[in-house]
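Enquirer: sequence first, then the predicted structure:
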Amino acid sequence: MPNTRGEKDACDLLDADHRAVKKMFKEYEELTGSRARGAAQKKMDLARQICHELSVHAQIEEELFYPALRAALKETDLLAEAEVEHQSAKDLIAQIEGMAEADEMFDAKVTVLGEYIDHHVKEERNEMFPKARAARKLDLVALRDELATRKEELMGATA
């Protein structure tokens with residue numbers, strides 16, 4: 001059931017997450033050059049927020065979006081790649097969350113995580129989302145509602 005009414009769909013919801021996290025990465029980058037008092041703590045807080053947002057985003061994609069796509073698409077190699085990318089990001093998130101201070105290695109890990117995410121987002125936007133929207137057996141508006149509900153649950157549970 002392709003979305004013909006112009007309603008926001010699952011891809012729009014996921015892309016809104018992408019844009020929000022990209023903005024946080026930009027804020028982090030600006031803070032890395034700051035010598036202001038409290039900048040290190042702001043970086044730690046922002047990095048933890050980025051990690052939390054990405055963890056929830058990855059979880060709703062893995063629980064709901066990717067299985068729906070896997071069932072609707074003939075070619076699923078993009079999904080396999082996305083899952084590998086998620087695992088790499090999760091490994092880096094775990095390292096970042098395990099660090100006690102925002103030092104040079106902390107900054108490097110956050111920067112690399114941002115680069116991973118940029119790459120992942122480009123693939124989803126340019127390849128996965130168009131395929132999802134073209135899939136006849138996929139109700140992306142209903143899936144958006146499922147994703148939004150699950151995201152709300154996860155954000156509340158781990159906030």
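Expert: Cool, got the structure.
Enquirer: which phi and psi does the closest residue to Gln41 other than its chain neighbours have?
Expert: Nearest non-adjacent residue to Gln41, counting by CB to CB, 6 or more residues apart in numbering: Ala102, 7.9 Å away. Any C-beta I mention is one placed from the backbone N, CA and C, and that applies to glycine too. Backbone torsions of Ala102, given as degrees, to the nearest 10, read phi -90, psi 90.
Enquirer: Ala102 contacts Lys43, correct?
Expert: Yes: between Ala102 and Lys43 there is a contact at 4.3 Å, judged by CB atoms under 8 Å.
Enquirer: which strands or helices does the helix or strand harbouring Arg48 pack on?
Expert: Using DSSP states H and E, Arg48 falls within helix 39-60. If contacts are counted by 3 or more CB pairs under 8 Å, 6 or more residues apart in numbering; DSSP states H and E, helix 39-60 sits against helix 10-32, helix 77-97, helix 104-123, helix 140-158.
Enquirer: and if we set it to 7 Å?
Expert: Contact analysis of helix 39-60 by 3 or more CB pairs under 7 Å, 6 or more residues apart in numbering; DSSP states H and E lists helix 10-32, helix 77-97, helix 140-158 as its packing neighbours.
Enquirer: secondary structure element for the residue of the chain positioned farthest from its centre?
Expert: Centroid-distance maximum for the chain: Arg37 at 30.1 Å, with CA atoms, centre = their mean. Using DSSP H and E, Arg37 maps to neither a helix nor a strand.
Enquirer: got phi/psi on it?
Expert: Torsion angles, degrees, to the nearest 10, at Arg37: phi -70, psi 140.
Enquirer: check what pLDDT it gets.
Expert: With respect to pLDDT, Arg37 scores 85.
Enquirer: how about Asn3?
Expert: Note on Asn3: pLDDT of 43.
Enquirer: low-confidence stretches in the protein?
Expert: Scanning the chain for pLDDT under 70 picks out the ranges 1-6, 157-159.
Enquirer: any idea how many residues pack against the residue nearest to Gln41?
Expert: Counted with other CB atoms under 10 Å, the neighbours of Ala102 add up to 22.
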